[in-house]
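S.K.: take a look and give me a structure for this.
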Amino acid sequence: MATNTTPSSDFAISKFKTNLAQGGARPSLFSVTLTYPSEITNSPTKESKFFVKGTTIPASTIGSFDVFYNGKAIKVAGDRSFDTWETTIINDEDFGIRIAIEQWMDLIAEHKLNTRSNDFTTKEGENSLYKRDIKVTQFKKNGEEAWHYHFIGAFPTALSTIALDWGTQEIEEYTCTWTYDRWMPGTAPHLLQSDSHNN
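M.R.: Alright, predicted model coming up:
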């Protein structure tokens, strides 16, 4: 004998539409704000938000390790690790951002002797003068800022090739790989979660 079953409300499209009240975040609505060390003499005059056409919101990774007791393993949280981060940049005819990043990298490790500029050797760690903060802003569809990610202590470590080809009419672009001390979410980049709870 067949039994009557009531469909789960989880399958109701109206419930989904109600919960997706803002219509979902859009990956195309973002900007990247690059800052440069003051030692760079060829800082671009144009804002990076118009030329960084692609990037990612960073992954979040906390390691773990096993602790054994009588042959049984329990998982214990380890340290947080931060992957490198990439940006895809449009190249204008002034090569503005590209030249600035090339000079930045040259001051860190000079092309000929692989030596660091004296301007960058006075401090290390978080206070290194060759490190700067980078901000990624995600926007709402009405143009308001939705959320931020701050890359603290960032510097370029790899600059990709730019392909040249007589048979293409596309605008040049390239990628830059960044290494950084940490990333922080929200509007206060240097405020740790534990600190905010104490204020």
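S.K.: so in this protein, which helix runs the longest?
M.R.: Secondary structure of the chain per DSSP state H: the longest helix is helix 96-108.
S.K.: what does that one contact?
M.R.: 34, 36-37, 39-46, 48, 51, 89, 91, 116-117, 119-120, 130, 155-157, 159, 162, 174, 176 (Cβ atoms under 8 Å, 6 or more residues apart in numbering). C-beta coordinates here come from the backbone N, C-alpha and C atoms, glycine included.
S.K.: just the buried subset of those, please.
M.R.: 34, 36-37, 40, 43-44, 48, 51, 89, 117, 120, 130, 155-156, 159, 174, 176 (16 or more other Cβ atoms under 10 Å).
S.K.: in strands, which of those residues appear?
M.R.: Those of these mapping onto strands are 89, 155-156, 159, 174, 176, per DSSP state E.
S.K.: mind putting those in TSV, pLDDT included?
M.R.: Output for those, formatted as TSV (pLDDT from 0 to 100):
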residue	pLDDT
Ile89	98
Phe155	96
Pro156	97
Leu159	97
Tyr174	98
Cys176	98
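S.K.: identify the farthest-apart pair in the residues you listed.
M.R.: The two members of those with the most space between them (Cβ to Cβ) are Phe155 and Tyr174, at 17.0 Å.
S.K.: how close does Lys17 sit to Ile97?
M.R.: Going from Lys17 to Ile97 by Cβ to Cβ, to the nearest Å gives 42 Å.
S.K.: between those two, which has more neighbouring residues?
M.R.: Shown here are Lys17 and Ile97; by other Cβ atoms under 10 Å, Ile97 has more neighbours (25 against 10).
S.K.: grab the nearest non-local neighbour of that one.
M.R.: Leaving aside its chain neighbours, Ile97 sits nearest to Pro44 (5.1 Å; criterion: Cβ to Cβ, 6 or more residues apart in numbering).
S.K.: contacts only, for that neighbour.
M.R.: Counting by Cβ under 8 Å, 6+ apart, Pro44 makes contact with 94, 96-97, 99-100.
S.K.: likewise Gly54?
M.R.: Contacts of Gly54 by Cβ under 8 Å, 6+ apart are 87-88.
S.K.: for beta bridges, what are the partners of it?
M.R.: Thr88 (DSSP bridges).
S.K.: and the residue nearest to Ile97, how far is that from Leu164?
M.R.: For Pro44, the distance to Leu164 - Cβ to Cβ - is 21 Å.
S.K.: same question for Asn127.
M.R.: Asn127 sits 40 Å away from Leu164, going by Cβ to Cβ.
S.K.: ok, now Glu93?
M.R.: Counting by Cβ to Cβ, the gap from Glu93 to Leu164 is 14 Å.
S.K.: how about the helices in this protein?
M.R.: Ranges of helices within the chain are 13-19, 96-108, 193-198, based on DSSP H.
S.K.: which of the ones you listed has the lowest average pLDDT?
M.R.: Set side by side, these give their lowest mean pLDDT on helix 193-198, at a mean of 44.
S.K.: quick one on the thing from earlier: tell me the most packed of the contacts of Pro44, by neighbour count.
M.R.: Counting neighbours by other Cβ under 10 Å, Ile97 leads the contacts of Pro44 with 25 neighbours.
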